[in-house]
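A.B. asks: No letters, just coordinates:
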């Protein structure tokens, strides 16, 4: 059978040299490139401009820490059982970044990238927004990236993210479209559906030409950092045993009496 | 039963405000703090100085990408089966950062932090290094952070990492001790055992007063970024099916003939 | 805020007693109930009849082992990096049982359970099958549980699974419907689309009244066993380093020359 | 470079045949072999005798379900975020079966297998038990498989497990040794340290000649079943949001006031 050749351009090394996405790690990266800029290089194959760096770092930083989320609690409970495997606790926490919590960045980015695909750069975006809203209503699907259960009337991260994007020249068609989708959806459903942080980041990912298929990865990168820090707090001041004990006692008390 | 109160200082939010480790996310972080500096804040509870930032970013950046590692291959194979769950592919890859691949930073950091614990700041480090080497030999355990199967005679990342540490005032007792341990071990075993990248990062973590128990987390943070990028390459140019097919065909051919 | 009470009926214990789904573990289970029957109890809340036991065990047993799958290779690569965490290697392998490999049982079960929902027990199933095929064609979606890349012209597990179901009185409407869907699809697409093993198991799950939402769990239960055994073989005769080394060498050789 | 050939004997298939550990899946397994016996085949390469089946199934069944454990809670919290990935919820739960919760079977099995290695079949076991206890005391390490925080004065599973072992001819040297270790430890530490369930299963694994390196896998196999059932209960009656909300509210209330 003819075989496909295996080939990767992520990184390679020889005895005296390590090359990452075409850059010499020792000469060009260590001590010169920050973690966020290196993440940009990993995804885009080139280092960011100053403006790209500002926008990209702002987006990922927003996703790092949200306090005692289900992911953070799952990581802490996992650490309780496997304290020799910090990486397993973080992995357990990341596994909850699925459709409900991590997938909304992806949904928003996809909606915007697919909405703009093949469009003329001058095209009026309002009919595109209207079509997106209509399609979601028809399928009875919520629109990713709009509304928030806690941050009302607006998600305070959104104006700041859009401000950073604008200051750096990245307030383009994706940002415009997500705001129009929000307007159209709010009108069609007759209730406020403002852009939330995942919608803003989905739009910014479009501006940075990050394909929607990997935008969930921005949340994964960020949250991995946050989960390491939660495990550190758990080591210093453990909560997992207490959470377990309370849940177990209450959940089974009807059987014991 | 008296219950322990649950309390965390990682982050919290109200309708119009999000606070992370005491900093207002919108006012103080987004657009002002880079991803690497935010990771420092998450771990240390305060933003880094310019010098700390340089050293911390250099250390984590070093751990992001190593090409086609077992972790990267496992992530790609997992993505093949569950393309709807990018986070699961990254989690699968992180799970391999255990004792053999991820634990060496931790071992090196522990060895150095325990070696220096309770020591006078002027204490001669050579006897401490000799004791560490003797203890490992007695227990027939390899010394974490020394030697490398490929990067010979020296790991090119190490002089650069130590240079960045020195330039920023972080070439202290942990850096000195790991170099003395390398010298003692090379003499005692009569073969070159230079400090490798994980040994250097373990030492730098000590300089930054990051407890050894979470140093493995530096590798987890970095590698999560690298694994997202590997999944991106896998989406664009899939290798997993080819790897699977080759392994399966060869592994079972003795049964089929 | 009014709180929801936490309550679970999976299991509970006191100092001298352990109760699982209402059964005393020591008195009624250990030494009396086999692993497969216990799995049935866990899912259904009661022990199986002899006939249910035969059918349920047959279904899960079919999903345990498929040789060198992507899941098995990922588990072995993970074990290489974290040999202290067998559970992490198995978990990494399970993560690949997503939409593409594990989700087909679920899709088939869902299609059949939704197709039969609200139907009269005497209803003619052929129009239901035709509608299912038409809906999938319209959406350009493949039909879960039909066709197989290797097992042609028929998947040998299917007649055996249906035989076991029939012998034990579980060849009902779900089994009939999946076969009609196969007939309709083969005609509509003008190529053979026989029921495959996941389609047969999806149908059997319907016969056993296991909700489609947890049918993927049958694959998870089975494969966890298979992955433990793969790790055992990996310990005795390691392949992971060889796989890694081949992939890494080939994937980066274009850069090194 | 000379390459190692890849070779596995777990399973293989051709167009019309599937073979698992040397047995034809269709002819010999489906409908004839139960899940527990198939797990034995996977690990041992042959089907169990009736007696081996009784003992093996008893051991694994004991490990399936323990109610609202940290693993079960972590699985439920993960499912909340990623309801499309049941396998990820189970994987997250399994990751907690590490040193503290899953590793005790392994520790007990290792202690017994290493204690008996190279011993004459007639050797007096009491000095071996005394040596094991002395070594653990010297290293200030707890002895795996002894004592239980809840099941006092005895773990009710243990006499039943040993009864099943004895009835089937598997009450041999490993069972004897773990009981002697318990006696010696109780005397040396002057407090009751009875064999617990993991100690009994560790001993039974030795009787069945399952290498200690994979005994943690018995817990993984069993618990994968239990976690699927917990996710099923979570789907029917969700607790994760309530747990999250309580923990989050309490943990951050000191910041909000």
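C.D. replies: Thanks, I have it. On a predicted model such as this, the values are computed, not experimentally measured, just so you know.
A.B. asks: C-alpha from now on. contacts and neighbour counts both.
C.D. replies: Noted.
A.B. asks: closest point of the stretch 151-257 of chain A to chain B, which residue?
C.D. replies: Using Cα to the nearest Cα, the point where the stretch 151-257 of chain A gets nearest to chain B is residue A:151, with a distance of 4.3 Å.
A.B. asks: residue contacts, that residue?
C.D. replies: Contacts for residue A:151 were tallied using Cα atoms under 8 Å, 6 or more residues apart in numbering or on different chains; they are B:14-16.
A.B. asks: where along the stretch 1-150 of chain A do the strands fall?
C.D. replies: Ranges of strands within the stretch 1-150 of chain A are A:11-14, A:17-20, A:23-24, based on DSSP state E, counting those that start in this stretch.
A.B. asks: Chain B is nearest to which of those strands?
C.D. replies: Comparing the strands of the stretch 1-150 of chain A against chain B with Cα to the nearest Cα, the closest turns out to be strand A:11-14 (4.1 Å).
A.B. asks: tell me which strands and helices the top helix by length along chain A is in contact with?
C.D. replies: When every helix of chain A is counted residue by residue (DSSP state H), the longest turns out to be helix A:216-236. In terms of contacts (3 or more Cα pairs under 8 Å, 6 or more residues apart in numbering or on different chains; DSSP states H and E), helix A:216-236 is packed against helix A:50-61, helix A:70-81, helix A:86-94, helix A:103-116, helix B:35-44, helix B:86-94, helix B:216-236.
A.B. asks: What is the three-state secondary structure of residue A:193?
C.D. replies: Here residue A:193 is recorded as coil under DSSP: H, G, I helix; E, B strand; the rest coil.
A.B. asks: now the residue of the stretch 1-150 of chain A found nearest chain C: how far from chain B?
C.D. replies: Across the stretch 1-150 of chain A, no residue is closer to chain C than residue A:7, which sits at 3.8 Å (Cα to the nearest Cα). Relative to chain B, residue A:7 is positioned 8 Å away (Cα to the nearest Cα, to the nearest Å).
A.B. asks: residues in contact with that residue?
C.D. replies: With the criterion set at Cα under 8 Å, 6+ apart, residue A:7 makes contact with B:239, C:250-254.
A.B. asks: Ok, residue A:14 next?
C.D. replies: Residue A:14 makes contact with B:150-151, C:256, according to Cα under 8 Å, 6+ apart.
A.B. asks: go with 6 Å
C.D. replies: Under the criterion of Cα atoms under 6 Å, 6 or more residues apart in numbering or on different chains, residue A:14 has no neighbours.
A.B. asks: Any part of stretch A:68-85 near chain D?
C.D. replies: Yes. For a cut-off given as Cα under 6 Å from any Cα of the partner chain, stretch A:68-85 has contacts with chain D, namely A:68, A:70, A:74, A:77-78, A:81-82.
A.B. asks: quick one: that stretch to chain centroid distance?
C.D. replies: Stretch A:68-85 sits 21 Å away from the centroid of its parent chain (Cα atoms, centre = their mean, to the nearest Å).
A.B. asks: mind showing which ranges of the stretch 1-150 of chain A have poor pLDDT?
C.D. replies: Of all residues in the stretch 1-150 of chain A, those with pLDDT under 70 make up the ranges A:1-2.
A.B. asks: Make sure residue A:96 is actually in contact with residue D:82.
C.D. replies: Yes. A contact is recorded between residue A:96 and residue D:82 when judged using Cα atoms under 6 Å, the distance being 5.2 Å.
A.B. asks: Of these two, which one has the most company?
C.D. replies: Neighbours per residue (other Cα atoms under 10 Å in any protein chain shown) separate residue A:96 from residue D:82, with residue A:96 holding more: 34 against 25.
A.B. asks: what residue is smack in the middle of chain A?
C.D. replies: Note on chain A: the residue nearest the mean C-alpha position is residue A:219, at 2.7 Å, using Cα atoms, centre = their mean.
A.B. asks: what sits against that one?
C.D. replies: Residues in contact with residue A:219 (Cα under 6 Å, 6+ apart) are residue A:63.
A.B. asks: Quick one: name the residues of the stretch 101-250 of chain A near chain B.
C.D. replies: Contact residues (Cα under 6 Å from any Cα) of the stretch 101-250 of chain A with chain B: A:150-152, A:156-157, A:164, A:217, A:221, A:224-225, A:228-229.
A.B. asks: What is the burial count for the closest residue to residue A:202 other than its chain neighbours?
C.D. replies: Closest residue to residue A:202 apart from its sequence neighbours, by Cα to Cα, 6 or more residues apart in numbering or on different chains: residue A:109 at 4.1 Å. Neighbour count of residue A:109, defined by other Cα under 10 Å: 33.
A.B. asks: Residue A:114 now?
C.D. replies: Close neighbours of residue A:114, defined as other Cα under 10 Å, add up to 13.
A.B. asks: Flag every buried residue along the longest helix of chain A.
C.D. replies: For helix A:216-236, the buried set under the neighbour-count rule, 16 or more other Cα atoms under 10 Å in any protein chain shown, comprises A:216-235.
A.B. asks: Provide a list of residues in contact with the residue of the stretch 151-257 of chain A found nearest chain D.
C.D. replies: Proximity to chain D, evaluated over the stretch 151-257 of chain A using Cα to the nearest Cα, is greatest for residue A:248 at 5.0 Å. For residue A:248, the contacting residues are residue D:68, taking Cα under 6 Å, 6+ apart as the criterion.
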